[in-house]
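Undergrad: How does the following fold in three dimensions:
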Amino acid sequence: MSLKQNASPICSMPVRWTGGGVTVGLALLSIMGCTTTPIAVSVQPHEAESCCALRPTGTAIAQTAGSLVGASVIELNGQRIAYDCAGVARAIYLAHGIDLYEGRRADSEASGVRTIYAHLSANGLIHRGPRASPGDLVFFDNTWDANSDGLINDALTHVGVVERIEPDGTVVFISRVARSIERHRMNLTEPGVHRTVGGRILNDYLRRKHPLDGRDPGRLTSDLFAAFGTRLAE
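TA: Reported below is the predicted structural model:
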């Protein structure tokens, strides 16, 4: 994978995928002012792995995820991948020759997050932790009202890629939110705690407060955590 960095910050920029001689652009406006410097990501096609080919490690996956923090633009050669949380997770893995959408039917109406979860269920391991490893995927429920029914019943609405585990057990993961690709934190041993007395963040907010929310679903990462998933064999 090659990274190209534009030196000039912008307030809006097209998300662009290029492949097969066709370029598709989608304007993306920053919700909270100017975004950080855009990063363009180019993923080249990978040949089929042989029986003896080296598998990518979780550390390598995590390094790729970390390199995209702050990006507001992603370009992938030969692939059209949406600039959303599932598309970003897919792009990170595609850089290492793994397509998390592999096996998806052309007529499938499943969301990208559900597609990735199904892929992991069939080709990897879904687990609840409490331990996670760099390169794992982390899934969340009810981060938004996906079916617009005003109820807290939206499973598998967000996904990120684990970058590292801090000494106190806090999971640092990379995911795309409203503005760009960012680092977020989750500590399952301290559920419901946003910030320590000393000011250190344990659990980030992942759901916006909405007046139509009935029973409070919780808004922190620890409240909305669904599962971890691994596709890698270290």
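Undergrad: From residue 86, how far off is the spatially most central residue of the chain?
TA: Nearest to the geometric centre of the chain sits residue 160, at 3.1 Å (C-alpha atoms, centre = their mean). As for residue 160, its distance to residue 86 is 10 Å (criterion: C-beta to C-beta, to the nearest Å). Just so you know, the C-beta spots here come from the backbone N, C-alpha and C atoms, and that holds for glycine as well.
Undergrad: How about residue 161?
TA: 11 Å.
Undergrad: Which elements pack onto the helix or strand encompassing residue 62?
TA: Using DSSP states H and E, residue 62 sits in helix 58-67. Helix 58-67 is packed against helix 85-94, strand 158-165, with contacts defined by 3 or more C-beta pairs under 8 Å, 6 or more residues apart in numbering; DSSP states H and E.
Undergrad: Just name whatever secondary elements whichever helix or strand residue 184 is part of is in contact with.
TA: Secondary-structure element containing residue 184, defined by DSSP H and E: strand 181-186. Secondary-structure packing of strand 181-186 (3+ C-beta pairs under 8 Å, 6+ apart): strand 171-176, helix 221-224.
Undergrad: just checking, next helix/strand downstream of the last one?
TA: The helix or strand immediately downstream of helix 221-224 is strand 225-230, counting by DSSP H and E.
Undergrad: Alpha carbons of that next one, in CSV - could you do that?
TA: Extracted C-alpha coordinates of strand 225-230, given in CSV (Å, rounded to 0.1, in the frame of the first residue of the first chain):
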residue,chain,number,x,y,z
PHE,A,225,-19.8,-2.7,22.7
ALA,A,226,-21.0,-5.8,20.9
ALA,A,227,-18.0,-8.1,20.2
PHE,A,228,-14.4,-8.4,19.0
GLY,A,229,-13.5,-10.3,15.9
THR,A,230,-10.2,-11.6,14.5
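Undergrad: Which strands border that strand, and is each parallel or antiparallel?
TA: strand 125-127 (antiparallel), strand 137-140 (antiparallel) (DSSP bridges).
Undergrad: Please identify the deepest-packed of these.
TA: Counting by mean count of other C-beta atoms under 10 Å, strand 137-140 has the highest mean neighbour count of those, with a mean of 26.
Undergrad: now what about it, what contacts it?
TA: Residues from elsewhere that reach strand 137-140 (C-beta atoms under 8 Å, 6 or more residues apart in numbering): 89, 100, 113, 116-117, 120, 132, 156-162, 171, 173, 186, 206, 221, 224-231.
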